[in-house]
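Chemist: Just need the structure, nothing else, for what follows:
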Amino acid sequence: MSLQNRVDPWGQIHATPERGTMMGNRGGKFHRDDRTLGNRRWASHHWIACDLHWKGQHHEPMGQGYTSLFFLDEVTALAAGHRPCFFCRRKEARAFLGDRKVDDFDRQLHAERIPPREAGRVDAGGIRVGAEPDGAMVEIDGAAFAIRGSHLLRWSFAGYVESIPRKPRPHGRLLTCPSIAAILAQGYKPRWHESALSYNGEAP
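Modeler: Below you'll find the model as predicted:
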């Protein structure tokens, strides 16, 4: 049976056999002793995205230290409100945060995602997908799409499964928190799942 530890772009946690290419946590342990989840969905405001494998270290997905979560890729993790980890991804974390103080940023980000991102989301039909940066995610007709060049790539737990043109601009709502979208707009390059790499920014 799959553990409930796989995160979608809305930040919801599911039980599904696909594991993804990155892991992370939400500030500690919030699973129960039987490795199931109760009502809690985080332990603190420090939500991070980590390397799936780092220096041969091994851990239990739902062990004593923290509740491990898994993402298709970093684009998904960022959409769900996680930022790069300073322990296993120090170079990327520094590039992501710049001169920002970690705790201040995490508190600001937590205010944007809890309750669910009212500051960064608008009603369906409220924006036209156009100005958002590469690596951000939007919701269109109930599905999550990642922005990559001139494409919008439809997300699934197994990978990106469909491409639609970014123009003409469809209506949607921004899933990625505003603070993270601003960092993407400044040039931060997140990791993409291999299923997205065939889309090089040209129209299909």
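Chemist: and Gly159, what does it touch?
Modeler: 72, 193-196 (CB atoms under 8 Å, 6 or more residues apart in numbering). All C-beta atoms are positioned from the backbone trio N, CA, C, and that covers glycine.
Chemist: So which residues of the chain form strands?
Modeler: Using DSSP state E, the strands of the chain run over residues 4-7, 13-15, 22-25, 48-51, 69-71, 83-84, 127-128, 137-140, 143-148, 151-154, 162-165, 171-174.
Chemist: Would you reformat the contacts of Gly159 as CSV and include neighbour count?
Modeler: Compiled in CSV, the contacts of Gly159 are given as follows (neighbours: other CB atoms under 10 Å):
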residue, neighbour count
Leu72, 28
His193, 22
Glu194, 10
Ser195, 16
Ala196, 19
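Chemist: Could you export the residues you listed as CSV, including pLDDT?
Modeler: Output for the contacts of Gly159, formatted as CSV (pLDDT from 0 to 100):
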residue, pLDDT
Leu72, 98
His193, 96
Glu194, 95
Ser195, 95
Ala196, 95
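Chemist: Out of those residues, which sit inside helices?
Modeler: Among those, no member falls in helices (DSSP state H).
Chemist: ok, those vs Asp103, which is closest?
Modeler: Taking CB to CB as the measure, Leu72 is the one of those closest to Asp103, at 27.8 Å.
Chemist: OK, contacts around the closest one?
Modeler: So Leu72 contacts 18, 20-22, 155-159, 193 (CB under 8 Å, 6+ apart).
Chemist: Okay then, goodbye and thanks.
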